[in-house]
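Trainee: After the sequence you'll find the predicted model.
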2 protein chains.
Amino acid sequence: MTETVPRPTLEAVAARAGVSRATVSRVVNGSDGVREPLAERVRRAVDELGYVPNQAARSLVTRRHDAVAVIVAEPETRVFADPFFARQLRGISKELTAHDNQLVLLLTEDRDDHARVGRYLAGGHVDGALVFSLHIDDPLPGLIRRAGLPAVFGGRPDFGGGRDGVVYVDSDNRGGARDAVRHLLGLGRSRIAHITGALDQTSAVDRLDGFRDVRVDTDPRLVVEGDFTAASGERAMRELLGRRPDLDAVFAANDLTAAGALRVLREHGRRVPDDVAVVGFDDMQPVAEQTEPPLTTVRQDIEGMGRLMARLLLRELDRPATADEDAGVTPSGVVLPTTLVRRASA
Amino acid sequence: MTETVPRPTLEAVAARAGVSRATVSRVVNGSDGVREPLAERVRRAVDELGYVPNQAARSLVTRRHDAVAVIVAEPETRVFADPFFARQLRGISKELTAHDNQLVLLLTEDRDDHARVGRYLAGGHVDGALVFSLHIDDPLPGLIRRAGLPAVFGGRPDFGGGRDGVVYVDSDNRGGARDAVRHLLGLGRSRIAHITGALDQTSAVDRLDGFRDVRVDTDPRLVVEGDFTAASGERAMRELLGRRPDLDAVFAANDLTAAGALRVLREHGRRVPDDVAVVGFDDMQPVAEQTEPPLTTVRQDIEGMGRLMARLLLRELDRPATADEDAGVTPSGVVLPTTLVRRASA
């Protein structure tokens, strides 16, 4: 992991440049109080050591910006196509606005852009970061940490809750998945398929684990990988019907995936729920109520997750600063409950 | 207009505080090179005069941030619900990324938030601003101007192209609307209705003007106000069918509105295009191809507009700075052509 690389300190830069801490601090914060030959020496030491100013250093010279970065680790085409992000942003936006903090959404085209995002975060433009839709081994947590910014993650990061300073808000993905499959078992279904989410994300892994916890038919052909999009639900459903035409239920990793699966089932003349019962995850509106038939699904409070993420970060920002930047950080994950919502599809 | 209020200068603050320009500059840029009693005096003068640092002042002490703000003057619920914004953002994002500039999307809950956006813009976090979906008398242009930031607008601002320093990119809304109505006239339709967009936006006003330029039946009951949403298309179509049940064509201000109108026409048993021909505006995918029947519409290059906005701003940012911050700014509007795309609805 990138986070374990030792981080060059302000002191190291000062020592290398042969100047005081305060001088380094002024230069990295763009002040004009330092004459050019000296400033140049500091900049060279910064470059040579790969130094990025941390919050403690910045707090010597800057005030709060009353601005919080929101970073979605997805291409902007997905951010806008999936109502999940809009909902979570809505929760965040409401909470930040109520506390007069500016929401700064940093858009990326792809993972190559993360270095640039890291520079912006380290540049003293925001007080903290809210991050969601992390993928396994994502460089973002390391970049945020090196920028010295407090952060709250939406969804459990793959490096878990055991790490100091990691605060996250998640839903009970595994428990919700179990509820979905138990509901299908209760309807007398036994050949239950699962279309997974993107398996480089913990939410998808947890839902798959929950499915595995309680299913009856353990045929591996009943599990097909998807990526949380409707297109992947269509593709996976075709695959499943080819592999196990006798399947009698599908648990899809989210509602968009379920909507895609429903279209393919209809195309193949399978009646839902009579022939095949379908359960989704999210209770995303208007998707879940507008499918044919309306979707039984596991509800998570997406807007509430966003609100809580923002609230935890603002609480962190209101703590008095300490000399040791890592002291006083609460390592904690908050896991919100899910509820099964029954509609016509199962 | 807010822009006509005289803006306090750095010199005025320096004079009031009894300090040099450089001292004021250091304080407003958060440097620690000024001792507290003096800094306090400067801050008091800043408050009393309502001074906001302009770009020229900031450029004394700060470098480029390689970051550009994008501000959509709409509640974030609309930004995410209307694919128009995602498309325009995509064009902007591609162009900024190609030039290693960070896209900083500033979300607002409502118009009350504009003051906070203004503070962020004035805080030295971005090099310029791209603004779209302005409404008439919007305070944003004034805030951006007072923040001393170069800006490019998406769509002609209501204060027009006659103002110095206003750069915008627009589509030929009036010409496109004329083409739509001429096409309907060419199909032998004469009782042509128009569902407008939000009339506090110049794009909607221009499309209405284009409609008026060439229509035949000038009955005012054939014009109903909408707001660019599908819901407004449904509402307006019901209203139109009540007022003029003999109408034989509808020109809708955008594709979402047309999609709403189509649903209501179907509900009322009107065949499209046999009984009523329908034309939209945008050629927004997937909307325009997935309506029943697929939509004849006026195509504008939305992603291209976004790209061009970003390109014009980056060009502006690359100019050498001048002492007079208003010198060297090109007052210019770029108006892109539209094309009629014929599908089954007309």
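Mentor: Sure thing, it's come through. Just so we're clear, the structure is a prediction, and the values are computed from it rather than from any experiment.

Trainee: what's near enough to touch residue A:248?
Mentor: For residue A:248, the contacting residues are A:189, A:190, A:191, A:192, A:275, A:276, A:277, by C-beta atoms under 8 Å, 6 or more residues apart in numbering or on different chains. All C-beta spots, glycine's among them, are computed from the backbone N, C-alpha and C.

Trainee: Could I get the contacting residues of residue A:219?
Mentor: By C-beta under 8 Å, 6+ apart, the contact list for residue A:219 reads residue A:244.

Trainee: So it versus residue B:92, what's the distance?
Mentor: With distances taken as C-beta to C-beta, to the nearest Å, residue A:219 is found 48 Å from residue B:92.

Trainee: just residue A:205 next, same as before
Mentor: 34 Å.

Trainee: Could you find the closest non-adjacent residue to residue A:170?
Mentor: Closest residue to residue A:170 apart from its sequence neighbours, by C-beta to C-beta, 6 or more residues apart in numbering or on different chains: residue A:156 at 4.7 Å.

Trainee: Residue A:277 too?
Mentor: Nearest non-adjacent residue to residue A:277, counting by C-beta to C-beta, 6+ apart: residue A:346, 3.8 Å away.

Trainee: That neighbour belongs to a helix?
Mentor: No: applying DSSP: H, G, I helix; E, B strand; the rest coil, one finds residue A:346 to be coil, outside a helix.

Trainee: quick one on the thing from earlier: in terms of helices and strands, where is the residue nearest to residue A:170?
Mentor: Assessed by DSSP states H and E, residue A:156 sits outside every helix and strand.

Trainee: ok, residue A:44 - contacts?
Mentor: Neighbour list for residue A:44: residue A:17 [criterion: C-beta under 8 Å, 6+ apart].

Trainee: wait, I meant residue A:227
Mentor: Counting by C-beta under 8 Å, 6+ apart, the residues that residue A:227 touches are A:197, A:198.

Trainee: in which helix or strand would I find it?
Mentor: Per DSSP H and E, there is no helix or strand for residue A:227.

Trainee: Please state the backbone phi and psi of it?
Mentor: Taking degrees, to the nearest 10, you get phi -140, psi 30 for the backbone angles of residue A:227.

Trainee: which SS class is residue A:130?
Mentor: Under three-state DSSP, residue A:130 comes out as strand.

Trainee: can you check the one 4 residues further on too?
Mentor: At residue A:134, secondary structure determined by three-state DSSP is coil.

Trainee: For burial, what's the neighbour tally of it?
Mentor: Neighbours of residue A:134 under the rule other C-beta atoms under 10 Å in any protein chain shown: 25.

Trainee: Surely it is in contact with residue A:73?
Mentor: Yes: in this structure, residue A:134 is within contact of residue A:73 by C-beta atoms under 8 Å, at 5.3 Å.

Trainee: Now do the shared contacts for those two.
Mentor: Counting by C-beta under 8 Å, 6+ apart, the residues touching both residue A:134 and residue A:73 are residue A:140.

Trainee: Okay, and the residue lying closest to residue A:88 once chain neighbours are set aside sits in which element?
Mentor: Counting by C-beta to C-beta, 6+ apart, residue A:88 lies nearest to residue A:306, which is 4.1 Å off, once chain neighbours are set aside. Using DSSP H and E, residue A:306 sits within helix A:302-318.
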